[in-house]
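Q: Provided below for reference: sequence and predicted model.
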Amino acid sequence: MNPEEIGNYLEEYDYEYFINQALSKVPEGIDTREGSIIYDALAPTCYQLAAFIMQLKNVLLETFVVTATGEYLDYRAQETGLERIEATKAIVRARLTREDGSPFSVAMGSRFSSIGDDPVYYTVIAAEEEGIFRLQAEIAGESGNKYIGVLLPLNNFNGLAEAMVTEILIPARDTESDEELRKRIIDSKEIVTFGGNITDYYYLTLGIQGVGAVQIYPVWNGGGTVRLVILDDTYKAANEVLVERVQQMIDPTSNQQGIGYAPIGHQVTVAAPTNKTIDVEFELTLNLGVSYPQLADTIHQVIEDYFDKVRRGWDERTDAGYECWVFRSQITAAILSVLGVANVQGLKLNGLEADVQLELSNDKQELPLLGEVKAK
């Protein structure tokens, strides 16, 4: 009996079950209708029994990895040496200027805020050059990834004319969900890791703040060489700041001396993939009374959602290596899911009626990005 069957089995023991069982033991000739003395005497006990069974069901289900949730799943993870990945804080680049446009400097720890109804607060953590600073969001989670624009100073800065977030350097992630943690627990029981194998590099790299996915290319440039190709937490190509952070943690010297996490004898190169922009064009038949401008944003979003799904599976490895496709049939199905679309024909990717296979080899690693969307 699997956990789901156990839950279904225990749910049969509800209040109706217990009251009927209890009333069946009452001698004949005694009134057992609802509201009778014997019924009212038995009902509270039956309610308590039913409540106890539901509590027992919950306790049992929280003991299995496949059905445990929240802190109980955390306990099961700890048994395998894993911890839930906590939410991280976004790191952004900001430009500070004076009235005449010259750079403005502030002290470490200075605070700023985004504008809007739900502001994000930032703290200065590093100076890159005069007037250019790195700020860290004070709130953890993906909400720190969404703002580019003017900052409001929370400290008094004489001479500061403008502060502006110009780039998200290291996107944040939300706390790992139960399903994501559950998958890691199950995967960890199916593999055996040792220092320096593919699986070890996979989990090591994913454990670094800011990394959302990684492909591992062993012996990519001769014996002892390892190439790690990484995405950030939004499943986009990692920028130079994140690449350098991971490089410094895993193999800062590249001299095979075991400085960093890389084992002795390994030379690790961390890189980002090459973005491959894919334009999508197609012919649409719409339902009567519907025009394309009404649906354009929704159609673009469902196609973007498909590309996001492809990128999220980008680092899934088989015995043969990595493989990543953008399929026309999947895009067609996504467009057809939009209310108001009757048919999709002649869908092309980069001008061709053919699916796109991304190059994932020792020489080049591509990541699909949605380009222009054209409908006829």
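A: Done, it's in.

Q: can you map out the helices along the stretch 51-200 of the chain?
A: Listed in chain order, the helices of the stretch 51-200 of the chain (DSSP state H, counting those that start in this stretch) span 70-79, 178-190, 198-206.

Q: ranking those helices by burial, who's on top?
A: Ranked by mean neighbour count, the helices of the stretch 51-200 of the chain are led by helix 198-206 with a mean of 18 (mean count of other CB atoms under 10 Å). In short, each C-beta sits where N, CA and C put it, glycine included.

Q: before we move on, the earlier item: can you put the helices of the stretch 51-200 of the chain in a markdown table and add mean pLDDT and distance to P27?
A: As requested, the helices of the stretch 51-200 of the chain are exported to a markdown table (pLDDT from 0 to 100; distance: least, CB to CB, whole Å):
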| stretch | mean pLDDT | distance to P27 |
| --- | --- | --- |
| helix 70-79 | 92 | 45 |
| helix 178-190 | 86 | 51 |
| helix 198-206 | 90 | 66 |
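
Q: Distance to Y47 for these - can I get that in CSV?
A: CSV is the format used below for those (distance: least, CB to CB, whole Å):
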stretch, distance to Y47
helix 70-79, 26
helix 178-190, 31
helix 198-206, 48
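
Q: Out of those, which gets nearest to S110?
A: S110 lies closest to helix 198-206 among those, at 32.5 Å (CB to CB).

Q: Just want the angle from the closest one to helix 178-190.
A: Here helix 198-206 runs at an angle of 150 degrees relative to helix 178-190 (axes from the mean of the first three to the mean of the last three CA atoms, to 10 degrees).

Q: List every C-alpha atom in helix 198-206, with coordinates, as PDB.
A: Extracted in PDB, the C-alpha atoms of helix 198-206 (Å, rounded to 0.1, in the frame of the first residue of the first chain):
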ATOM      1  CA  ILE A 198      29.700  14.800 -12.600                       C
ATOM      2  CA  THR A 199      27.000  14.500  -9.900                       C
ATOM      3  CA  ASP A 200      29.300  16.000  -7.300                       C
ATOM      4  CA  TYR A 201      30.000  19.000  -9.500                       C
ATOM      5  CA  TYR A 202      26.300  19.400 -10.200                       C
ATOM      6  CA  TYR A 203      25.200  19.600  -6.600                       C
ATOM      7  CA  LEU A 204      28.200  21.600  -5.600                       C
ATOM      8  CA  THR A 205      27.600  24.300  -8.200                       C
ATOM      9  CA  LEU A 206      23.800  24.400  -7.700                       C
END
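
Q: contact partners of the following helix or strand past it?
A: Moving toward the C-terminus from helix 198-206, the next helix or strand (DSSP states H and E) is strand 211-218. Contact with strand 211-218 is made by 173, 198, 201-202, 205-206, 225-235, 238, 242, 246, 273, 311-312, 314-315, 317, 322, 360, 362, 365, as judged by CB atoms under 8 Å, 6 or more residues apart in numbering.
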